[in-house]
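Test case, fold it:
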Amino acid sequence: MRRKFLIGGLVLALIGGCFAFMVWSVAP
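A predicted model of the protein is given here:
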């Protein structure tokens, strides 16, 4: 159960990082 939570957090962080990078690259 802990491993599933860890993997979920890792995927969430990866998606958040990609989203933040997209916003940063688009921002003037």
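
what sits against Ile15?
Contact partners of Ile15, counting by Cβ atoms under 8 Å, 6 or more residues apart in numbering, are absent. Bear in mind the C-beta positions are built from the backbone N, C-alpha and C, glycine included.

just for this structure, where's the confidence low?
Within the chain, not a single segment meets pLDDT under 70.

show me where it has helices.
Remark: helices assigned in the chain by DSSP state H are 2-26.

Please pick out the residue of it most distant from its centre.
Within the chain, the residue lying farthest from the chain centre (Cα atoms, centre = their mean) is Pro28, at 22.1 Å.

how near is that residue to Arg3?
Pro28 is 42 Å from Arg3, where distance means Cβ to Cβ, to the nearest Å.

What of Phe21?
27 Å.

And the two? Which one has more around it.
Phe21 (10 against 7; other Cβ atoms under 10 Å).

Gly9: neighbour count?
10.

next one: the one 3 residues further on
Applying other Cβ under 10 Å, we find 10 residues neighbouring Leu12.

Could you do Leu14 as well?
Here the number of neighbours of Leu14 (other Cβ under 10 Å) works out to 10.

what about it, distance to Leu6?
According to Cβ to Cβ, Leu14 stands 13 Å off from Leu6.

Many thanks, we can stop here.
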